[in-house]
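Colleague: Build me a model from this:
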Amino acid sequence: MNTLPQQLANGLLLGSMYGLIAIGYTMVYGIVQLINFAHGEIFMTGAFGALTVYFYILPDGTSMALAVPLMLLGGALVAILIAVGAERFAYRPLRGAPRLAPLITAIGLSLALQEVVRNFYPGADRARAFPGLDATHEIGSVTIKDADIFLILAAIICMAALAFFVRRSRTGRAMQATAQDPDTAQLMGIDTNRIIVIAFAIGGFFAAVAAVAYGLKYGNVDYRMGFLMGLKAFTAAVLGGIGNIYGAMLGGVVLGIAETLASAYIDEIPGMQQLGGQSWANVWAFCLLILVLLFRPQGLLGERVADRA
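Modeller: Predicted coordinates:
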């Protein structure tokens, strides 16, 4: 129990990262009823965009206080361009097609992005070092790094800004209208194509923020990082209630805490010594998803977007 506060903090941080990525899944699904399984690779390309800024654009010796905002800008630019390009050239032509077609396209795009980065980015066939924020701080029995502070502040600021944007801005209200009934929204003069592009762009930006936080926290990135993180983020979106932006963050936090606690403590239960540790963390995360789907299939906060046939 002495390590419980530290494990809870670790879970909160991990869950915040899942939540930032999950918002991209839930916004796109809420508006166009599409599961963008390439979103994990958009997260990955954001990390490599930030890495490019640090190693190939900024001069040697640039302080991290200046480098981090510029890396975030570079990563966001790459992720948004790829997200918007995917919407325009991969998903928009299939908008009226059966749902299986865009799903298969998303999986194909995911594999294509992985292979493009692996084959054309220098040294991407192995893990690439990422500049870190490793200074540590003690808060009672909890130890956190500067990278953790960046992550939690970024998650809070992004969620607050998104909530304000959706509730208060004309574009945000247009997004809500498009999610509820795109045909009626279009008849009322809303450019639904523009709204969908904005949703993809916001998802790409949040994925880039999570990617920079990932690199700063763990100190390396690789072309395969998007697959598992994307799958966990999708799990978080479903857990919280897909189509609900607040549910995406809640689902991420719940998933992160559950995964961390299970990997830390489950091997202390008699008869379950072989089921603990980090190697089983993914198993317990998806077990949680199965339980939620069995007993509350609409997710923790419910699905706010009606299913359109």
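Colleague: mind listing the helices for the stretch 151-300 of the chain?
Modeller: 170-180, 182-187, 192-218, 225-240, 245-265, 281-295 (DSSP state H, counting those that start in this stretch).
Colleague: Buried residues, the shortest one. List them.
Modeller: Think helix 182-187. For helix 182-187, the neighbour count (16 or more other Cβ atoms under 10 Å) marks 182, 185 as buried. From N, CA and C alone the C-beta is placed, and that goes for glycine too.
Colleague: That one packs against which elements?
Modeller: When contacts are defined as 3 or more Cβ pairs under 8 Å, 6 or more residues apart in numbering; DSSP states H and E, helix 182-187 sits against helix 170-180, helix 192-218.
Colleague: can you list contacts of that helix?
Modeller: Contacts with helix 182-187, where a contact means Cβ atoms under 8 Å, 6 or more residues apart in numbering, come from 31, 32, 174, 177, 178, 192, 195.
Colleague: try 10 Å
Modeller: 31-33, 95, 174-179, 181, 190-193, 195-196, 308 (Cβ atoms under 10 Å, 6 or more residues apart in numbering).
Colleague: I'd like the mean pLDDT over stretch 298-306, please.
Modeller: For stretch 298-306, the mean per-residue pLDDT is 67.
Colleague: Show me where the stretch 1-150 of the chain has its strands.
Modeller: Applying DSSP state E, counting those that start in this stretch to the stretch 1-150 of the chain gives strands spanning 128-129, 136-139, 142-145.
Colleague: Distance from the chain centre to the shortest one, please.
Modeller: From the chain centre to the centre of strand 128-129 is a distance of 21 Å (Cα atoms, centre = their mean, to the nearest Å).
Colleague: ditto for stretch 189-198
Modeller: Relative to its parent chain, stretch 189-198 has a centroid offset of 22 Å by Cα atoms, centre = their mean.
Colleague: Residue 166 reaches residue 172, doesn't it?
Modeller: Yes: using Cβ atoms under 10 Å, residue 166 is in contact with residue 172, at 4.0 Å.
Colleague: Serialize the helices and strands packed on helix 182-187 to CSV and add fields for mean pLDDT and distance to residue 61.
Modeller: CSV is the format used below for those (pLDDT from 0 to 100; distance: least, Cβ to Cβ, whole Å):
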stretch, mean pLDDT, distance to residue 61
helix 170-180, 93, 41
helix 192-218, 96, 18
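Colleague: most packed of the ones you listed?
Modeller: With neighbours taken as mean count of other Cβ atoms under 10 Å, the helices and strands packed on helix 182-187 reach their highest mean count in helix 192-218, at a mean of 24.
Colleague: now the angle between helix 225-240 and it, please.
Modeller: With axes from the mean of the first three to the mean of the last three Cα atoms, to 10 degrees applied, the angle from helix 192-218 to helix 225-240 works out at 110 degrees.
Colleague: Residue 108 and residue 24, how far apart?
Modeller: To residue 24, residue 108 is 18 Å away according to Cβ to Cβ, to the nearest Å.
Colleague: Sorry, wrong one. I was asking about residue 127.
Modeller: Taken as Cβ to Cβ, the span from residue 127 to residue 24 is 24 Å.
Colleague: again, but for residue 256
Modeller: 17 Å.
Colleague: Look at those two and report which has more neighbours.
Modeller: Counted by other Cβ atoms under 10 Å, residue 256 and residue 24 do not tie: residue 24 has more neighbours, with 32 against 24.
Colleague: who's in contact with the more buried one?
Modeller: 36, 39-40, 42-43, 79, 83, 199-208, 210, 230, 233-234, 237, 248.
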